[in-house]
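# Build me a structure from this.
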Amino acid sequence: MALTPKELLLELQRYAAAAPAAKAVMDQIAKRLHENMARYNWVGFYLVDPADAGYLIVGPYAGSFTPNARIPLNKGLCGAAASSGQVVVVQDVSRDPRYLAGSNLVKSEIVVPIYVKKKLAAELDIESYFADTFGKSEQDFVEGCAKVMADYLGKG
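Okay, the predicted model is just below:
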């Protein structure tokens, strides 16, 4: 039986409280969101490239396609979220010229920037094969999941 978003968020918070490493937390968030949220067809993290802070590199993810491995901060919806510091929600990616296709099946996307000590560290990116997936309650839930990661990274 699938968990409610609230139950899933509590599970992720409990997991993060005892997790051994940031990668483990990202793996768990990606895997559990992909398993439990029927419309979350690709869930993953992008990390600021330690070798070049002008790029994001793909981190742990769960989903049915191979993502863009490296994204400049001035490209795509991930780049828009990174450069603006704002959550980016696109209900129909075919109508947004910033969208960098990972799969032609994707219809909607949300990207939540994750900050640690006021510095961009990562992003939680979720793509759906259904238009209009990310309404207000979904956005609040995804932001809550991103906060689990931000809190974990911030305690290090």
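
# all contacts plus neighbour counts: C-alpha atoms, from now on.
Will do.

# got the residue ranges for the strands in this protein?
42-48, 55-63, 70-72, 88-90, 108-116, 119-128 (DSSP state E).

# The most centrally placed residue in the chain: what's it in contact with?
Of all residues in the chain, the one closest to the mean position by CA atoms, centre = their mean is residue 124, 1.7 Å from it. By CA atoms under 8 Å, 6 or more residues apart in numbering, the residues touching residue 124 are 43, 44, 45, 46, 111, 112, 113, 114, 146.

# was I right about the fourth one contacting residue 56?
Yes: taking contact to mean CA atoms under 8 Å, the distance of 5.7 Å between residue 46 and residue 56 places them in contact.

# which residues do those two both contact?
Contacts common to residue 46 and residue 56, judged by CA under 8 Å, 6+ apart, are residue 122.

# Where does pLDDT dip in this structure?
Across the chain, the ranges flagged by pLDDT under 70 are 1, 156.

# can you give me the helices in it?
5-18, 22-36, 76-84, 136-154 (DSSP state H).

# so which of those helices is the most packed in?
Each of the helices of the chain was scored by mean neighbour count; the highest is helix 76-84, a mean of 22, by mean count of other CA atoms under 10 Å.

# what about it, distance to the chain center?
Relative to the chain's own centre, helix 76-84 is displaced by 12 Å; criterion: CA atoms, centre = their mean, to the nearest Å.

# try stretch 25-43
That offset, for stretch 25-43, works out to 9 Å (CA atoms, centre = their mean).

# picking up where we left off before, figure out which of the helices of the chain is closest to residue 128.
helix 22-36 (10.2 Å; CA to CA).

# Show me what the closest one packs onto, helices and strands only.
helix 5-18, strand 42-48, strand 55-63, helix 136-154 (3 or more CA pairs under 8 Å, 6 or more residues apart in numbering; DSSP states H and E).

# so can I have JSON lines of these showing distance to residue 129?
As requested, those are exported to JSON lines (distance: least, CA to CA, whole Å):
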{"stretch": "helix 5-18", "distance to residue 129": "19"}
{"stretch": "strand 42-48", "distance to residue 129": "9"}
{"stretch": "strand 55-63", "distance to residue 129": "11"}
{"stretch": "helix 136-154", "distance to residue 129": "15"}
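
# Just tell me which of these ends up closest to residue 75.
strand 55-63 (9.5 Å).

# one step back: pipe the strands of the chain into TSV and attach distance to residue 5 per row.
Shown next, in TSV, are those (distance: least, CA to CA, whole Å):
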stretch	distance to residue 5
strand 42-48	15
strand 55-63	18
strand 70-72	29
strand 88-90	18
strand 108-116	16
strand 119-128	15
